[in-house]
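Trainee: no FASTA, just this:
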Ligand SMILES: Nc1ncnc2c1ncn2[C@@H]1O[C@H](COP(=O)(O)OP(=O)(O)OP(=O)(O)O)[C@@H](O)[C@H]1O
Ligand SMILES: [Mg+2]
């Protein structure tokens, strides 16, 4: 049996070789599909690793609470468009904040509310400039580094803001902008601090602090009528040992607050390290669509070529049966040929995917990652496509009546 | 040479057909290509089947070779009713017991000569290297050793047919079904092939050969003629034999075989 399998593989190779250009073209659809999947997975793994490093840098004693249910596996994330967080009403409330604060072992917490709106200094800031409303604790929780000045302070009077260095350059032309005034949604804030450049556009907060303007939640009422939406609560625990108990207690407290409904997620460690950026979600969605379409087209291409091949080789099938091939042998032969096409396309796609990923990463702050899971997904998808679209032609081949096949005399 | 005669009678039947019918088409197009064939073939017989074109010879061989199982009547192979066999069992019997030589050459054009000959061994699960060795040895018997790496389209008609025979024999089958193995070959090439077949016959294999050439029936131990899907004459049947070749009563063809054998021994 083992030899037979080996033989089918040799046979498939010979047969595909004898139709080299046809085989190449057939593989192309699968190549594009697998390349898209590989690119997005490699980049998202790279992004996750960056975030992971940030979390490790924070000392491993940070938990994050987000609204909504727990995201499923990475593959689900790839196949379904993530909901854009800004547009859904958050389920987290100020009440939750107070409950978490009271839990033993919590050393500091900070909510993150991200708004968008017009920001301008000497010149207008880019439209996408994030406005982050938080509490002074964020400095401690996130270990934010201030380059000049200080972070938000409850004892300071008036409307104050801390801005990212890139934003400072964008609107004032310099990183030294302490004391200047910045208009956020029409209200003026005095800049009391400029953050140190972090060069981490992708991070677990979902905000690029280099570009952001940070204000106190207390000032929020003066620039926005809507009730604030808490998009994330960052919790710092006093020691790593207490992390688990804090997570358990947080879950309990929030469940109580939410009347038993688990419409929030408490994440720690690796779980936080999933890409959160909206751009990223959009890229993933588009890529998933490209992947799905090209895999479908690729699969149909394989099916088509295999059906042609079966028709062309009616005689061969008849002869093989006459010399002792069973129906199973014929199915195996053609199925393996289809699999050779799809796996060949898949391997090419995997390589192309990394090529593209490295190309894209030139414009990003992180590199694509290699791991077995990505190779496994690429291979799994190829095998699934080959089997799905190769089975029907293979069964057709086995059903061919050898008598009729052998009857066509030359 | 009475030996062969006695062999034929004393050996157990390999093939027994009872009222075998094969229908093609349905409704108005319905047509019986085999229309009530009764025959018993013993182990070690060399049977020549003759008859006009379209009388059902190829159809009969396909049935005997288990390629066609959609039949009426009974076919017992080695005492087993083949209608009880599933497709996997039938494939296994084709693989181990039966060697086909087709009416048209039927090599796989994509494979070279050696691979074509090795093909039946594939389905016996023999590893590639061993397969190719066995095929190479078989081709040597047919003086085709230096054509091993030719593609089928690079061979002459006679060479192609010899390759097809080598392929039928590589499995060491006990039953050989040959459909006009000498098809359109000159008499010298035909002779080489017939010598090979009668050699196999002498080694105890059962051979069933379809031919249009009455001269070739001299190699056979029994001649069956068919007409319109039925057996017309059978030199083995205990009924008056029809003399199809006038000069040589086929029922006693054993004499010629003896002559040929004697000649061989002299060599
Ligand atoms: N697949 C088929 N469908 C319909 N009719 C068929 C089919 N195969 C064979 N027949 C018919 O069965 C009859 C017998 O055919 P067969 O091939 O057995 O003849 P044959 O004796 O081998 O002839 P020849 O000497 O020319 O090879 C013919 O009338 C043929 O038309
Ligand atoms: Mg015929």
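Mentor: Structure's in. What do you need? All figures in this text were calculated on a predicted structure; none of them were measured in a lab. Ligands and ions are numbered 1, 2, ... in the order given.
Trainee: residue ranges for the strands of chain B, please.
Mentor: For chain B, strands defined by DSSP state E occupy the ranges B:13-24, B:31-42, B:46-50, B:72-77, B:80-81, B:98-101, B:175-179, B:206-210, B:222-227, B:230-234.
Trainee: ok, the closest residue to residue B:88 other than its chain neighbours - contacts?
Mentor: Spatial nearest neighbour of residue B:88, chain neighbours left out: residue A:326 (5.1 Å); criterion: CB to CB, 6 or more residues apart in numbering or on different chains. In this view, the C-beta of every residue, glycine as well, is placed from N, C-alpha and C. Neighbouring residues of residue A:326 by CB atoms under 8 Å, 6 or more residues apart in numbering or on different chains: B:87-88, B:91-92, B:123.
Trainee: For residue A:326, give its distance to residue B:121.
Mentor: To residue B:121, residue A:326 is 15 Å away according to CB to CB, to the nearest Å.
Trainee: Next, the buried residues of whichever helix or strand residue A:46 is part of.
Mentor: Here residue A:46, judged by DSSP states H and E, is contained in helix A:20-57. By neighbour count with 16 or more other CB atoms under 10 Å in any protein chain shown, helix A:20-57 contains the buried residues A:23, A:26-52, A:54-55.
Trainee: and whichever helix or strand comes after it, which strands flank it?
Mentor: As assigned by DSSP H and E, the chain's next helix or strand after helix A:20-57 is strand A:62-67. Strand A:62-67 has the following strand partners under DSSP bridges: strand A:232-237 (antiparallel), strand A:264-268 (antiparallel).
Trainee: Which of the ones you listed sits closest to residue B:53?
Mentor: Among these, the nearest to residue B:53 by CB to CB is strand A:264-268 (80.8 Å).
Trainee: which residues touch the longest helix anywhere in chain B?
Mentor: Longest helix in chain B by number of residues (criterion: DSSP state H): helix B:187-202. With contact meaning CB under 8 Å, 6+ apart, helix B:187-202 is reached by B:44, B:46, B:141-142, B:158, B:161-162, B:165, B:169, B:176, B:178, B:181-182, B:185, B:207, B:209, B:213, B:216, B:219, B:221, B:257, B:260-261.
Trainee: before we move on, the earlier item: any residue of the helix holding residue A:46 up close to chain B?
Mentor: No. Counting by CB under 8 Å from any CB of the partner chain, no contacts exist between helix A:20-57 and chain B, the nearest distance being 13.1 Å.
Trainee: now the angle between strand A:62-67 and that helix, please.
Mentor: Relative orientation of helix A:20-57 versus strand A:62-67 (axes from the mean of the first three to the mean of the last three CA atoms, to 10 degrees): 120 degrees.
Trainee: Average pLDDT for helix A:20-57, rounded please.
Mentor: Helix A:20-57 shows a mean pLDDT of 84.
Trainee: which other helices and strands contact that helix?
Mentor: helix A:74-79, helix A:278-312, helix A:327-361, helix A:372-399 (3 or more CB pairs under 8 Å, 6 or more residues apart in numbering or on different chains; DSSP states H and E).
Trainee: Chain B contacts on the stretch 301-410 of chain A?
Mentor: Contact residues (CB under 8 Å from any CB) of the stretch 301-410 of chain A with chain B: A:315-316, A:318-329, A:402-403, A:406-407, A:409-410.
Trainee: again, only using 6 Å
Mentor: By the rule CB under 6 Å from any CB of the partner chain, the part of the stretch 301-410 of chain A lying against chain B is A:316, A:319, A:322-327, A:402-403, A:409-410.
Trainee: Which among those residues count as buried?
Mentor: By neighbour count, with 16+ other CB under 10 Å, these hold A:316, A:319, A:322-327, A:402-403 as buried.
Trainee: quick one: which of these is nearest to chain B?
Mentor: Of all those, chain B sits closest to residue A:324, with 2.5 Å by CB to the nearest CB.
Trainee: before we move on, what SS does the closest one have?
Mentor: Taking DSSP: H, G, I helix; E, B strand; the rest coil as the rule, one finds residue A:324 in the coil state.
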